[in-house]
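*Asks:* Sharing a sequence plus its predicted fold:
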Amino acid sequence: MTVVLAVVCSDGVVIGADSQITESDRGLSFPAQKLHPLGSCAAWGGSGARGVLNDLRPLLQDSATAILEAPDIGDELQERVLPVFKKHYANYIPDVPGEGSGGGVSAYLLAAGYSQGGPWIVEINPNGLIGRYEDVGFHAIGSGAPMAQQAGALLSHFRMTTRAVEYGVVRVLEALAQTSPSVGGPFSVACIREEGAHHLDEKEIAKALKDCQRWRDLEQEALDRLFD
(Lines give C-alpha, C1' and ligand atoms only; values in the text may rest on other atoms or scores of the structure.)
Protein backbone atom coordinates (compact mmCIF):
# COMPACT_ATOMS: atom_id res chain seq x y z
CA MET A 1 0.00 0.00 0.00
CA THR A 2 1.26 3.46 -0.93
CA VAL A 3 0.47 6.92 0.36
CA VAL A 4 1.89 10.28 -0.71
CA LEU A 5 0.41 13.38 0.91
CA ALA A 6 0.97 17.12 1.12
CA VAL A 7 -0.22 19.87 3.44
CA VAL A 8 -0.11 23.67 3.04
CA CYS A 9 1.27 25.71 5.95
CA SER A 10 1.54 29.42 6.64
CA ASP A 11 5.10 29.67 5.28
CA GLY A 12 5.28 26.80 2.81
CA VAL A 13 4.17 23.25 2.12
CA VAL A 14 5.14 19.80 3.42
CA ILE A 15 5.06 16.61 1.36
CA GLY A 16 5.69 13.07 2.61
CA ALA A 17 5.55 9.45 1.48
CA ASP A 18 5.95 5.92 2.75
CA SER A 19 8.73 3.69 1.39
CA GLN A 20 7.20 0.24 0.91
CA ILE A 21 6.74 -1.38 -2.51
CA THR A 22 4.41 -4.37 -2.76
CA GLU A 23 4.15 -6.68 -5.77
CA SER A 24 1.14 -8.72 -4.73
CA ASP A 25 1.19 -10.97 -7.80
CA ARG A 26 4.70 -12.10 -6.86
CA GLY A 27 4.27 -11.97 -3.10
CA LEU A 28 7.13 -9.47 -2.77
CA SER A 29 7.55 -6.44 -0.53
CA PHE A 30 10.63 -4.22 -0.38
CA PRO A 31 11.64 -0.64 0.52
CA ALA A 32 12.10 2.06 -2.13
CA GLN A 33 12.34 5.84 -2.29
CA LYS A 34 8.98 7.34 -3.31
CA LEU A 35 9.66 11.03 -2.67
CA HIS A 36 11.90 12.84 -5.18
CA PRO A 37 13.23 16.41 -5.55
CA LEU A 38 11.74 18.62 -8.25
CA GLY A 39 14.28 21.39 -8.62
CA SER A 40 15.30 23.40 -5.58
CA CYS A 41 11.84 24.35 -4.30
CA ALA A 42 9.53 21.42 -4.97
CA ALA A 43 9.22 17.65 -4.63
CA TRP A 44 7.02 14.89 -6.04
CA GLY A 45 5.89 11.37 -5.30
CA GLY A 46 3.88 8.81 -7.19
CA SER A 47 1.74 5.73 -6.74
CA GLY A 48 0.88 2.93 -9.12
CA ALA A 49 2.94 1.26 -11.83
CA ARG A 50 6.63 1.46 -11.00
CA GLY A 51 7.65 1.35 -14.67
CA VAL A 52 5.71 4.55 -15.34
CA LEU A 53 7.11 6.29 -12.25
CA ASN A 54 10.67 5.21 -13.06
CA ASP A 55 10.35 6.78 -16.51
CA LEU A 56 9.02 9.99 -14.95
CA ARG A 57 11.93 10.41 -12.53
CA PRO A 58 14.70 11.46 -14.98
CA LEU A 59 12.20 13.37 -17.11
CA LEU A 60 11.02 15.52 -14.19
CA GLN A 61 14.55 15.95 -12.91
CA ASP A 62 15.75 17.30 -16.27
CA SER A 63 12.73 19.58 -16.80
CA ALA A 64 12.33 20.86 -13.22
CA THR A 65 13.39 24.44 -14.02
CA ALA A 66 10.96 24.74 -16.93
CA ILE A 67 8.13 23.29 -14.82
CA LEU A 68 8.68 25.65 -11.88
CA GLU A 69 9.03 28.72 -14.11
CA ALA A 70 5.97 27.93 -16.23
CA PRO A 71 2.96 30.29 -16.06
CA ASP A 72 0.82 27.31 -14.96
CA ILE A 73 2.68 24.52 -13.17
CA GLY A 74 -0.24 22.12 -13.53
CA ASP A 75 -0.37 22.54 -17.31
CA GLU A 76 3.41 22.13 -17.59
CA LEU A 77 3.43 18.97 -15.48
CA GLN A 78 0.57 17.55 -17.53
CA GLU A 79 2.43 18.25 -20.78
CA ARG A 80 5.53 16.40 -19.51
CA VAL A 81 3.71 13.47 -17.93
CA LEU A 82 1.07 12.60 -20.56
CA PRO A 83 3.47 11.23 -23.20
CA VAL A 84 4.89 8.79 -20.63
CA PHE A 85 1.44 7.65 -19.61
CA LYS A 86 0.34 7.20 -23.24
CA LYS A 87 3.46 5.20 -24.13
CA HIS A 88 2.85 2.71 -21.34
CA TYR A 89 -0.89 2.50 -21.98
CA ALA A 90 -0.33 1.86 -25.70
CA ASN A 91 2.01 -1.07 -25.00
CA TYR A 92 0.04 -2.66 -22.17
CA ILE A 93 -1.06 -6.28 -22.66
CA PRO A 94 -3.95 -6.86 -20.22
CA ASP A 95 -4.40 -10.62 -20.76
CA VAL A 96 -1.36 -12.90 -20.84
CA PRO A 97 -2.10 -16.63 -21.44
CA GLY A 98 -1.23 -18.74 -18.43
CA GLU A 99 -0.62 -15.77 -16.16
CA GLY A 100 -2.78 -14.19 -13.49
CA SER A 101 -3.40 -10.50 -13.21
CA GLY A 102 -0.10 -8.66 -13.23
CA GLY A 103 -1.62 -5.33 -12.31
CA GLY A 104 -2.18 -2.34 -14.53
CA VAL A 105 -0.07 0.51 -15.83
CA SER A 106 -1.98 3.37 -14.24
CA ALA A 107 -0.09 5.85 -12.08
CA TYR A 108 -0.77 8.96 -10.04
CA LEU A 109 1.62 11.85 -9.48
CA LEU A 110 1.49 14.35 -6.61
CA ALA A 111 3.84 17.34 -6.65
CA ALA A 112 4.12 20.19 -4.15
CA GLY A 113 6.32 23.25 -3.93
CA TYR A 114 6.72 26.95 -3.35
CA SER A 115 7.12 29.19 -6.37
CA GLN A 116 5.62 32.25 -8.01
CA GLY A 117 4.89 33.74 -4.61
CA GLY A 118 3.11 30.89 -2.86
CA PRO A 119 2.72 27.18 -2.10
CA TRP A 120 1.02 24.79 -4.51
CA ILE A 121 -0.13 21.16 -4.66
CA VAL A 122 -0.76 19.51 -8.05
CA GLU A 123 -2.03 16.02 -8.87
CA ILE A 124 -1.91 14.35 -12.28
CA ASN A 125 -4.28 11.37 -12.24
CA PRO A 126 -4.06 8.26 -14.50
CA ASN A 127 -6.41 9.90 -17.01
CA GLY A 128 -4.00 12.82 -17.30
CA LEU A 129 -6.33 15.27 -15.55
CA ILE A 130 -4.96 18.05 -13.36
CA GLY A 131 -6.03 18.55 -9.76
CA ARG A 132 -5.10 21.65 -7.73
CA TYR A 133 -5.29 21.42 -3.93
CA GLU A 134 -3.44 24.39 -2.44
CA ASP A 135 -6.79 26.02 -1.68
CA VAL A 136 -7.96 22.85 0.12
CA GLY A 137 -4.68 22.70 2.03
CA PHE A 138 -4.34 18.90 2.05
CA HIS A 139 -4.29 16.06 -0.46
CA ALA A 140 -3.18 12.43 -0.67
CA ILE A 141 -2.79 9.80 -3.39
CA GLY A 142 -2.17 6.06 -3.35
CA SER A 143 -4.06 3.05 -2.08
CA GLY A 144 -3.64 4.43 1.46
CA ALA A 145 -5.07 7.82 0.47
CA PRO A 146 -8.60 7.29 1.87
CA MET A 147 -7.20 6.64 5.36
CA ALA A 148 -4.79 9.57 5.02
CA GLN A 149 -7.64 11.85 3.90
CA GLN A 150 -9.67 10.76 6.91
CA ALA A 151 -6.72 11.44 9.20
CA GLY A 152 -6.33 14.86 7.58
CA ALA A 153 -10.02 15.63 8.10
CA LEU A 154 -9.78 14.68 11.77
CA LEU A 155 -6.92 17.17 12.15
CA SER A 156 -8.60 20.01 10.23
CA HIS A 157 -9.50 21.92 13.39
CA PHE A 158 -5.79 22.63 13.96
CA ARG A 159 -5.93 25.13 11.02
CA MET A 160 -2.56 24.08 9.58
CA THR A 161 -2.58 26.84 6.95
CA THR A 162 -2.03 29.29 9.84
CA ARG A 163 0.93 27.34 11.28
CA ALA A 164 4.58 27.01 10.24
CA VAL A 165 5.99 24.05 8.31
CA GLU A 166 7.34 22.50 11.53
CA TYR A 167 3.70 21.81 12.43
CA GLY A 168 3.13 20.55 8.91
CA VAL A 169 5.92 17.99 9.28
CA VAL A 170 4.26 16.66 12.43
CA ARG A 171 0.86 16.57 10.72
CA VAL A 172 2.23 14.71 7.70
CA LEU A 173 3.90 12.12 9.92
CA GLU A 174 0.73 11.82 12.00
CA ALA A 175 -1.35 11.20 8.87
CA LEU A 176 1.16 8.64 7.59
CA ALA A 177 1.23 6.93 10.98
CA GLN A 178 -2.58 6.80 11.06
CA THR A 179 -2.45 4.97 7.72
CA SER A 180 -0.15 2.30 9.23
CA PRO A 181 0.23 -0.65 9.58
CA SER A 182 -0.85 -0.93 5.96
CA VAL A 183 1.77 1.63 4.89
CA GLY A 184 5.42 0.74 5.36
CA GLY A 185 8.08 3.00 6.81
CA PRO A 186 10.50 4.58 7.06
CA PHE A 187 8.80 7.78 5.95
CA SER A 188 10.27 10.45 3.68
CA VAL A 189 9.34 14.10 4.29
CA ALA A 190 10.31 17.39 2.66
CA CYS A 191 9.42 20.84 3.99
CA ILE A 192 9.42 23.49 1.30
CA ARG A 193 9.62 27.24 1.86
CA GLU A 194 10.26 30.14 -0.50
CA GLU A 195 14.01 29.74 0.02
CA GLY A 196 13.96 26.09 -1.01
CA ALA A 197 13.13 22.49 -0.16
CA HIS A 198 14.65 20.63 2.77
CA HIS A 199 14.45 16.82 2.78
CA LEU A 200 14.55 15.60 6.38
CA ASP A 201 17.27 13.12 7.34
CA GLU A 202 16.81 10.15 9.69
CA LYS A 203 17.59 12.16 12.83
CA GLU A 204 15.13 14.89 11.89
CA ILE A 205 12.44 12.31 11.15
CA ALA A 206 13.09 10.66 14.51
CA LYS A 207 12.76 14.03 16.29
CA ALA A 208 9.54 14.80 14.42
CA LEU A 209 8.09 11.42 15.41
CA LYS A 210 8.86 12.28 19.04
CA ASP A 211 7.05 15.60 18.51
CA CYS A 212 4.07 13.59 17.19
CA GLN A 213 4.00 11.58 20.39
CA ARG A 214 4.31 14.74 22.50
CA TRP A 215 1.36 16.22 20.56
CA ARG A 216 -0.71 13.12 21.32
CA ASP A 217 0.30 13.22 25.00
CA LEU A 218 -0.71 16.88 25.28
CA GLU A 219 -4.08 16.15 23.65
CA GLN A 220 -4.65 13.26 26.04
CA GLU A 221 -3.77 15.46 29.00
CA ALA A 222 -6.23 18.12 27.84
CA LEU A 223 -8.98 15.51 27.43
CA ASP A 224 -8.28 14.09 30.88
CA ARG A 225 -8.89 17.57 32.39
CA LEU A 226 -11.88 18.47 30.20
CA PHE A 227 -14.56 17.75 32.82
CA ASP A 228 -12.55 18.49 35.96
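*Replies:* Thanks, I have it.

*Asks:* Please name the residues that touch Ala42.
*Replies:* Ala64, Ile67, Leu68, Ala111, Ala112, Gly113, Tyr114, Ser115, Ile192, Ala197 (CB atoms under 8 Å, 6 or more residues apart in numbering). No exception for glycine: its C-beta is placed from N, CA and C like everyone else's.

*Asks:* Name the next helix or strand following whichever strand or helix holds Val52 along the chain.
*Replies:* Assigned by DSSP states H and E, Val52 belongs to helix 50-62. For helix 50-62, the following helix or strand on the C-terminal side (DSSP H and E) is helix 64-69.

*Asks:* Tell me which other helices or strands that next one touches.
*Replies:* Helix 64-69 makes packing contacts with strand 42-48, helix 73-90, strand 107-115 when contacts are defined by 3 or more CB pairs under 8 Å, 6 or more residues apart in numbering; DSSP states H and E.

*Asks:* looking at this structure, which helix or strand is least sure?
*Replies:* strand 28-31 (a mean of 61; mean pLDDT, DSSP states H and E).

*Asks:* What is the distance between the following helix or strand past that one and the centre of its chain?
*Replies:* In the C-terminal direction, the helix or strand that comes right after strand 28-31 (DSSP H and E) is strand 35-37. Here strand 35-37 shows a centroid-to-chain-centroid distance of 9 Å under the convention CA atoms, centre = their mean, to the nearest Å.

*Asks:* Flag every buried residue along strand 35-37.
*Replies:* Across strand 35-37, burial judged by 16 or more other CB atoms under 10 Å covers Leu35, His36, Pro37.

*Asks:* Can you give the strand pairings for it, parallel or anti for each?
*Replies:* Here strand 35-37 is paired, per DSSP bridges, with strand 42-48 (antiparallel).
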